[in-house]
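In: the sequence isn't on hand, but the structure is:
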């Protein structure tokens, strides 16, 4: 390591200092506290008297079929919603990248779903999903697609998909905006050259465009995944405690707050954290060429 | 002839796709607007147009609580959150994206790790922290707590964008004796404009929509932000949900965001192209 | 926790600061979300402030009951003195009691005896009076007078009669072109409301309660099994499948738009279904919910109480405010102004109240016989008990197993909760 490189490394630490300090200050205590409580029998009504119970909470957790059901629901929800969001978000970004009349207005239009607070949009969809006075069933029955009203959020076979549809509606703009930003970075000359050579547009997309926007897409995917694995408000409002849609966060919140069982709820949260970390580590390893590699020097 | 017919078909399919996407994204919002103009029993019928528009929902929103103040709070909190997280993230992203040093990867992962806990698990500890810092029922408390949500995201996205810029950019300047800080402010910031706008916009919306922290860390009506203010809207009984008014409030709060996007959208696209000086 | 000690110390300093030594105290009260509820509370509280020379600060809380409870728990667990008087749900005394002061020494016994006994009982935990009842609710049967008359049926006395009436009228009306009509809607979503509904089916059929007064789990009995199986049979016949995700407002929406013959709901819906633009205005009647063959009429007890925080720095004033707000006179004002049901039985015979609320006599009967959820006996485990109960009922309604199997499982789960957390 030369003196210049050493000087640079020292500079790097100075540049990281402010954000690291803020992060440690605000996140350190809450996170350590949660992990600590997961090994105790703490109770929300009196957080000063508790005893250490080792891994008891985790053992109880692993024996609860509701917990595994919620793990399964969360994983299904994450795979389905993130996959759909990536495909749809990329499609929207590609459309917005083409010079179309009214493109500016359209860009604002596709962002609208993201601009409505979840606590409102979840209730809004619940209203539209209503089997008897909801607009979806009324329209579908009006044009004769269905003869009987469908109970979108009550039918266990449909309810998780109903949740996925709302999440895709709401968060696709996030993916679209990041993908669009990345698309803008692709040099025009690359397209021109390929087009002159008579390469099929589909081939251009897979050979040139996709590899170039991969880092941004993967970042979008990682952050969408982190959010999807921790999904809470949407499910909580749309279907409450129904086991067919319960997510890990809903489960954790139920024990932490409603049952006041801080020890057990913290164990569920810590387990959730570990699972998310494991999945993220896998994704980062698979995508390391795009995500975590160093700057080319 | 056959070729042009195929092209025509493609064109039709393309516009069909656009139409479907627009209906999917906009219909629920359209329905929110329609519902905001209905009252009482009309809400339980799915008429596509409000037959007798009830503007009273909009006035009621402002009469019953300091909703104007709530919107202002949300704007202040979201703006401060964006400014602070961008400021911190730009410097961090410079270190992560431009300099190779030992411990880079573990640190980068630490930033991500913060985003892996369910918000409700962080809530109690954060509540104690906010009270210890004396920031309870204070907008600053919200800004500080929102860092846990926006900072990991902004750092990562800016790192990725920063890394893609050619390395020749700062090399010459550094050799000429410029400081790292000068490199950031004079060379990178102008080029990063679009990336900053995109991430800033995403962070703004995240802060704008946040509910759990905002509810727990504020107490009085004058300190509430918009999502909390909407969750407070009620009828004569807690069972009743005055749907028309809730929808009116929701429509009102999307307006500032749409304006924001319209103002900044040229920057999102144009600026990015300027930054695309490939090395 | 060191942090909590620091907070305590800060609190102590705050209490000693000169600001609190000034005579006029500011009492913070949380009483509802934004809307009529808050306005009516404000009027009452301000009248007290004027009379006593103190000041009032109103804190609004979310419309959603679970969000409210979560917020309260957060504040109380931190020993916060920000709110002095809390408006709490009838099932919360057991959960929150350690944070509230015992009001018994501050209230005359005869004042307690003059109110509905079941409501006062619900507010007593371990012999302590945790809160004073403010207004009360119970499940009611709403019916369409016009449709019953048209088809020559009376108001059903029993669940069996309700099932028969609903099925017959639904069939005839649908054949006559009223294709959207359903027989009976209620609250079947997996939440606290389902506990209220299901407890009514069980209790009115002679199946008792989930847990009895001594804390024994008694839910797994033949009458309860039969009652829940009967409800499961409604789904898809007289009740739409969608009811499995209905709260109060969805049920009201269906009933108010003329799509249902019967509805189970709280008294709040009365004013709304008779609103100026309601299609069913004037065509609705209310009655006590039906009973099983050998059972009694019942309704689950709901309602809100006022409690004083033990962390309050203005205890005496807070107690005085609670006394004022829960008084007979103030409750009458609230009944006349916004239709809140008083906790004093005699007010239901008051000529003014009767004139304003024609349903008062029915309400009084239902309220006196209302069944309380087992929240005081199960204490801080109540939410867990209720959760286990509505989960079992929801599974049965959704066709995942029958009541016999699910209630047997429920019994074992409840016994485990009892062993583990105790009550």
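Out: Yep, it's here. Note that this is a predicted model, so its numbers are computed, not measured. Numbers count the residues shown, from 1 in each chain, chains lettered A, B, ... in the order given.

In: in the stretch 1-150 of chain A, what residue comes closest to chain C?
Out: Chain C sits closest to residue A:131 of the stretch 1-150 of chain A, with a gap of 3.3 Å, by Cβ to the nearest Cβ. For glycine as for every other residue, the C-beta is placed from the backbone atoms N, C-alpha and C.

In: backbone dihedrals for residue B:196, both of them.
Out: Note on residue B:196: backbone dihedrals following degrees, to the nearest 10 are phi -60, psi -40.

In: quick one: it and residue B:85 touch, right?
Out: No. When contacts are counted by Cβ atoms under 8 Å, residue B:196 is not listed as touching residue B:85 (10.9 Å).

In: what's the neighbour count on the residue of the stretch 1-150 of chain A found nearest chain B?
Out: Using Cβ to the nearest Cβ, residue A:30 is the residue of the stretch 1-150 of chain A that sits closest to chain B, at 3.0 Å. With neighbours defined by other Cβ atoms under 10 Å in any protein chain shown, the count for residue A:30 comes to 21.

In: who's in contact with the residue nearest to it when sequence neighbours are not counted?
Out: Nearest residue to residue A:30 in three dimensions, chain neighbours excluded: residue B:125, at 3.0 Å (Cβ to Cβ, 6 or more residues apart in numbering or on different chains). If a contact means Cβ atoms under 8 Å, 6 or more residues apart in numbering or on different chains, then residue B:125 has A:29-31, A:33-34 as its contacts.

In: now residue B:125: how far from residue B:64?
Out: 34 Å (Cβ to Cβ, to the nearest Å).

In: A strand includes residue A:95, no?
Out: No. Counting by DSSP: H, G, I helix; E, B strand; the rest coil, residue A:95 is not found in a strand; it is helix.

In: select from the contacts of residue B:125 the one having the most neighbours.
Out: residue A:34 (26 neighbours).

In: next helix or strand past whichever helix or strand residue A:123 is part of?
Out: Using DSSP states H and E, the element containing residue A:123 is helix A:118-129. Using DSSP H and E, the helix or strand that follows helix A:118-129 towards the C-terminus is helix A:135-142.

In: helices and strands around that next one, which ones?
Out: Helix A:135-142 sits against helix A:118-129, with contacts defined as 3 or more Cβ pairs under 8 Å, 6 or more residues apart in numbering or on different chains; DSSP states H and E.

In: quick one, the helix it packs on and helix A:135-142 angle?
Out: Put simply, helix A:118-129 runs at 20 degrees to helix A:135-142, going by axes from the mean of the first three to the mean of the last three Cα atoms, to 10 degrees.

In: who's in contact with the residue nearest to residue B:26 when sequence neighbours are not counted?
Out: Leaving out its chain neighbours, the residue that sits closest to residue B:26 by Cβ to Cβ, 6+ apart is residue A:109, at 6.0 Å. Contacts for residue A:109 (Cβ under 8 Å, 6+ apart) come out as B:22, B:25-26.

In: top of these by neighbour count?
Out: That'd be residue B:25 among the contacts of residue A:109, by other Cβ under 10 Å, with 23 neighbours.

In: dihedrals phi and psi, it?
Out: Note on residue B:25: backbone dihedrals following degrees, to the nearest 10 are phi -80, psi -30.

In: for chain A, see how far away it is.
Out: 5 Å (Cβ to the nearest Cβ, to the nearest Å).

In: what about that residue, distance to chain C?
Out: Per Cβ to the nearest Cβ, residue B:25 is found 25 Å from chain C.

In: how about the contacts made by that residue?
Out: When contacts are counted by Cβ under 8 Å, 6+ apart, residue B:25 touches A:109-110, A:112-113, A:169, A:172-173.

In: can you tell me which of those end up in helices?
Out: Secondary structure from DSSP state H places A:109-110, A:112-113, A:169, A:172-173 of those in helices.

In: and these as CSV, adding pLDDT and distance to residue A:75?
Out: Listed next are the ones in helices among the contacts of residue B:25 as CSV, based on pLDDT from 0 to 100; distance: Cβ to Cβ, whole Å:
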residue, pLDDT, distance to residue A:75
A:109, 83, 32
A:110, 83, 28
A:112, 86, 29
A:113, 90, 24
A:169, 95, 21
A:172, 93, 20
A:173, 89, 24
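
In: so residue A:164 is in contact with residue A:81, correct?
Out: Yes. Using Cβ under 8 Å, residue A:164 makes contact with residue A:81 at a distance of 4.9 Å.

In: neighbour count for the two, which is higher?
Out: residue A:81 (26 against 23).

In: per-residue confidence at the more buried one?
Out: Residue A:81 is assigned 97 on the pLDDT scale.

In: wait, what's in contact with it?
Out: Contacts of residue A:81 (Cβ under 8 Å, 6+ apart): A:164, A:167-168, A:171, A:224, A:228.

In: which non-adjacent residue is nearest residue C:256?
Out: Residue C:256 sits nearest to residue C:273 (Cβ to Cβ, 6+ apart), 5.0 Å away.

In: ok so, going back, can you tell me which of the ones in helices among the contacts of residue B:25 has the most neighbours?
Out: Greatest neighbour count in these, by other Cβ under 10 Å, goes to residue A:172: 29 neighbours.

In: residue contacts, it?
Out: Residue A:172 neighbours (Cβ under 8 Å, 6+ apart): A:84-85, A:88-89, A:92, A:110, A:113, B:25.

In: what does residue C:155 give?
Out: Applying Cβ under 8 Å, 6+ apart, we find residue C:155 in contact with C:141, C:143, C:148, C:285, C:287.

In: on that earlier part again, what's the closest of the contacts of residue B:125 to residue B:166?
Out: residue A:31 (37.7 Å; Cβ to Cβ).

In: re the thing from before, does chain B have contacts with the helix holding residue A:123?
Out: Yes. Remark: helix A:118-129 sits within contact range of chain B at A:118-121, A:123-125, A:127-128, by Cβ under 8 Å from any Cβ of the partner chain.

In: which helix or strand contains whichever residue of chain B sits closest to chain A?
Out: Distances between chain B and chain A by Cβ to the nearest Cβ are smallest at residue B:125, namely 3.0 Å. If you go by DSSP H and E, residue B:125 is part of helix B:119-132.

In: so where's chain A shaky on pLDDT?
Out: Within chain A, the ranges that satisfy pLDDT under 70 run A:1, A:185, A:294-297.

In: what does it have sitting close to chain C?
Out: Counting by Cβ under 8 Å from any Cβ, chain A sits next to chain C at A:29, A:43-48, A:126, A:130-133, A:149, A:151, A:153-156, A:159, A:239-244, A:254, A:257-261.

In: repeat that for 6 Å
Out: A:44-45, A:47-48, A:131-133, A:151, A:153-154, A:156, A:240-242, A:257-259 (Cβ under 6 Å from any Cβ of the partner chain).

In: many thanks, we can stop here.
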